[in-house]
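Visitor: curious how this folds, go ahead:
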Amino acid sequence: MRRIGVTLLSASGTLLVLLLALHVTTAAPVSPSSPLILAEYQAWHGLPSHWNPPYTSTDPLVIAHHIQAAKAMSISGFVVDWYGPSLANGDERGFMDQATAELLRQSAGQGFQVALMYDEGAVRNAETLTAAYTTRMISDLLYARQYLTAPAYLNINGHPALFVFPYPDVDPYIDWPEVRSQLGITITLLDEDPNPDDRPHDAHFDGFYAWVQPAASTWLTDGTEWGHDYLTWFYNVMTGLSPTYTNKVAVGGVWQGFDDSNAPWGQNRYMWPRCGQTWRDTWQLANQYNPPYVMIDTWNDFEEGTGIEFGTGECLMPPRIASALPGQQIMYTHTLVNTGKFTDTFQVTMHSSNEWASGVNTSSVTLGRHATTTLTITLTVPAFTHGGTQDELNIRAISQISPNVSSALTDTATVLFGMYLPVITKADTRANLLANGNFEIPPPRPFQDDMGEIEVAPGWRAWYLDQPPSYVVRPLFCNGLDYGCYWTRPEFHGVMNVADTKNRVHSGMYAQKYFSYGRMHEAGLMQRVTGITPGTPLRFSAYMEAWMCNDYIAACDRGSKSQDPTTMHFRVGIDPTGGTNPFSSTVVWSVEGDSFDHFTQFSVEATAQSDAVTVFTHSRPEWVDYARMNNDVYVDDATLAILP
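Guide: This is a model prediction of the structure:
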């Protein structure tokens, strides 16, 4: 970031109605004229110079998912932070350029657009002499002409839009007229922030974009400075200084927060998400000033805490819908997460629109940075309530760091026609003994053994074989090659119920996903449950779904079906002795089966032989003819119940 110490002008104008975006599954809020929404995009995930990547940016499946997830949020395109083409075999520039090329390729024909944000850091890193800076930029952009003229490339005012992320030690040495002349095509050139004190410089640009920052570079330790004065200054300059700026393109900015304390280059700068209020407040200003374009800063820069791919800073999620008979009790579960940097205590309140009795498992909870807990909310429908009656249960988690910061949602219940007649059974015969059996934990989930590619819901562990067992048949195309040609440890992550993955979640908002790309695996989930009385009869069940694919767009209909699937060897098991080896002879397994493109419940029964039991899921994709690129497994709604 640079040039953020500009003089701020006073704000003006009246407020419009705020349209809210509660969390990542909700489309971004827009003003009545619906500006084109973009999101800044990082393509360096998977490089060793960046920490804890949640995925690899060059993975075609990851890119396909990003496009569909962004479209579900009303985002029309990505602005890729681009560093130029490769200068040496295997360099970081080449990695990011490969991801950019794949993003453009997949965006074509999907109504999704891509633009480059040329990062001037690439010039500084490639050249030692300032006199060579312009030449380097020209060389990089001549290479980029193939992107600027691609079908999916973003055009503004009829020309390819080229964003520039400038550096103060690079930008003064760039000859912009020469860059335009040598490029040979007309472009719409956009810089970060107008600078009324240097209008000759700004005359070289066709527009300006806002970038995440506080007012006048004032990063407050508590993170409460979120950029209100900066954004009002930006919008007032772009709409009020005529004709220098009013005839240029304005790209507004919205963000959910900022925290670079974990970045190698970090300066301990922090902007508190305020349980989603920062996201909503920046959108309020965008709605008020109504620029033609709005850029989300950012889609996936997790090192600086700005990414919205996995959430917009909300602390309480998701809202629930339920139905019940008169006299019956409804149970809602919600995830409460501290999205702030500092340990916080949240007070939980609730209010039924019908004044029905409600309760929560804890009304006060203290959470460390990014820690989560599950709230269990109960609502009792009074006996003799008329069928069709609806209730709205408003739940709010209030921060004790600042009582003005809170996160709220509404659960909706509808009363069914009839009467609830409770059945008396033995205690706990219907309880789920598993922790997080419904997997309703939003990403990012805790890393298992500090491995960023293994994220599982708390209470669960991933198990896997690093090398293929002897019974796995080596594919024909891997003859003469080591097992790395066809075998790998899968990656484990959460999956969300959004437009492109709605058939990957059995119920609720989240499920557990794991996959091996282009290679086979043998793996699953496991959980050890203690406090069991020996001799207790148990049933373990889990819903599982498989997906195999090579051609995501055509043959797999954008991920909705499999392509030439083989087998996944699904099964579930119980070790009644509490052992943790899925290959132990003490494990009782269910019948094996497959379930491609839909969920099937797999179940097994066993009698506890000790005071602990361990449950397992199992999968093993198998093919010998050719490699399936996508070998995905989805697990949801697992239960361990005591049999009557």
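Visitor: the helix or strand of the chain with the lowest mean pLDDT packs against which elements?
Guide: In the chain, no helix or strand scores lower on mean pLDDT, DSSP states H and E than strand 321-324, which sits at a mean of 82. Strand 321-324 sits against strand 329-337, strand 406-415, with contacts defined as 3 or more C-beta pairs under 8 Å, 6 or more residues apart in numbering; DSSP states H and E. All C-beta atoms are positioned from the backbone trio N, CA, C, and that covers glycine.
Visitor: lowest average confidence across those strands, which one?
Guide: Mean pLDDT is lowest for strand 329-337 among those, at a mean of 87.
Visitor: direction included, what does that one pair against?
Guide: Taking DSSP bridges as the criterion, strand 329-337 forms sheet pairs with strand 316-317 (antiparallel), strand 372-380 (antiparallel).
Visitor: can you list the strands that the least confident helix or strand of the chain pairs with?
Guide: Using DSSP bridges, the strands paired with strand 321-324 are strand 406-415 (parallel).
Visitor: now do the helices in the stretch 1-150 of the chain.
Guide: For the stretch 1-150 of the chain, helices defined by DSSP state H, counting those that start in this stretch occupy the ranges 60-72, 92-107, 121-126, 133-148.
Visitor: of all these, which lies closest to residue 400?
Guide: helix 60-72 (33.3 Å; C-beta to C-beta).
Visitor: what's that closest one in contact with?
Guide: Applying C-beta atoms under 8 Å, 6 or more residues apart in numbering, the external contacts of helix 60-72 come out as 25, 27, 39, 41, 55-57, 78, 99, 102-103, 106-107, 110-112, 299-300, 309, 496, 498-501, 515, 517, 552-553, 558-559, 629-630.
Visitor: thinking again about what came up before, among the helices of the stretch 1-150 of the chain, which comes closest to residue 491?
Guide: Between these, helix 60-72 lies closest to residue 491; by C-beta to C-beta that is 10.2 Å.
Visitor: now do the closest one against helix 92-107, angle only.
Guide: Orientation of helix 60-72 against helix 92-107 (axes from the mean of the first three to the mean of the last three C-alpha atoms, to 10 degrees) gives an angle of 60 degrees.
Visitor: give me the neighbour count for the nearest residue to residue 401 once chain neighbours are set aside.
Guide: With sequence-adjacent residues excluded and distances taken as C-beta to C-beta, 6 or more residues apart in numbering, residue 401 is closest to residue 344, at 5.1 Å. Neighbour count for residue 344, taken as other C-beta atoms under 10 Å: 22.
Visitor: how about residue 344, what does it touch?
Guide: Residue 344 makes contact with 338, 366-367, 399-401, according to C-beta under 8 Å, 6+ apart.
Visitor: any regions of this protein where pLDDT drops low?
Guide: Low-confidence segments of the chain, defined by pLDDT under 70: 1-33, 418-430, 443-444, 498-502.
Visitor: quick one on the thing from earlier: buried ones in the least confident helix or strand of the chain?
Guide: Buried residues in strand 321-324, counted by 16 or more other C-beta atoms under 10 Å: 322, 324.
Visitor: what sits up against it?
Guide: 330, 332, 381, 411-416, 420.
Visitor: just to revisit the earlier point, mind putting the helices and strands packed on strand 321-324 in TSV, distance to residue 643 and mean neighbour count included?
Guide: Output for these, formatted as TSV (distance: least, C-beta to C-beta, whole Å; neighbours: other C-beta atoms under 10 Å):
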stretch	distance to residue 643	mean neighbour count
strand 329-337	22	18
strand 406-415	30	19
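Visitor: mind checking those strands for the one nearest to residue 480?
Guide: Comparing the helices and strands packed on strand 321-324 by C-beta to C-beta, strand 329-337 comes nearest, at 49.0 Å.
Visitor: would you map the helices across this structure?
Guide: Here the chain has its helices, by DSSP state H, at 60-72, 92-107, 121-126, 133-148, 176-183, 199-202, 228-240, 277-289.
Visitor: most tightly surrounded among these?
Guide: Of all the helices of the chain, helix 277-289 carries the top mean neighbour count, a mean of 23, counting by mean count of other C-beta atoms under 10 Å.
Visitor: rewinding a little: if we compare the helices of the stretch 1-150 of the chain, which one ends up closest to residue 605?
Guide: Closest to residue 605 of those is helix 60-72 (C-beta to C-beta; 36.4 Å).
Visitor: using TSV, lay out the helices of the chain together with distance to residue 161.
Guide: Formatted as TSV, the helices of the chain follow (distance: least, C-beta to C-beta, whole Å):
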stretch	distance to residue 161
helix 60-72	17
helix 92-107	14
helix 121-126	18
helix 133-148	9
helix 176-183	13
helix 199-202	17
helix 228-240	16
helix 277-289	18
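Visitor: closest to residue 527 out of the ones you listed?
Guide: Among the helices of the chain, the nearest to residue 527 by C-beta to C-beta is helix 60-72 (26.9 Å).
Visitor: most packed of the strands paired with strand 329-337?
Guide: Across these, averaging neighbours per residue (mean count of other C-beta under 10 Å) puts strand 316-317 on top, at a mean of 22.
Visitor: got a markdown table for the strands paired with strand 329-337, with distance to residue 164 too?
Guide: Formatted as a markdown table, the strands paired with strand 329-337 follow (distance: least, C-beta to C-beta, whole Å):
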| stretch | distance to residue 164 |
| --- | --- |
| strand 316-317 | 36 |
| strand 372-380 | 39 |
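Visitor: the ones you listed: which one's closest to residue 269?
Guide: Of the strands paired with strand 329-337, nearest to residue 269 by C-beta to C-beta is strand 372-380, at 24.5 Å.
Visitor: chain center to that closest one, what's the gap?
Guide: 24 Å (C-alpha atoms, centre = their mean, to the nearest Å).
Visitor: can I get that strand as PDB, trimmed to CA atoms?
Guide: Provided in PDB are the C-alpha atoms of strand 372-380 (Å, rounded to 0.1, in the frame of the first residue of the first chain):
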ATOM      1  CA  THR A 372     -15.300 -20.700  17.800                       C
ATOM      2  CA  THR A 373     -18.000 -22.300  20.000                       C
ATOM      3  CA  THR A 374     -21.400 -23.800  19.300                       C
ATOM      4  CA  LEU A 375     -24.500 -22.200  20.700                       C
ATOM      5  CA  THR A 376     -27.500 -24.400  21.300                       C
ATOM      6  CA  ILE A 377     -30.700 -22.500  21.400                       C
ATOM      7  CA  THR A 378     -34.000 -24.000  22.500                       C
ATOM      8  CA  LEU A 379     -37.500 -22.600  21.800                       C
ATOM      9  CA  THR A 380     -40.600 -24.200  23.200                       C
END
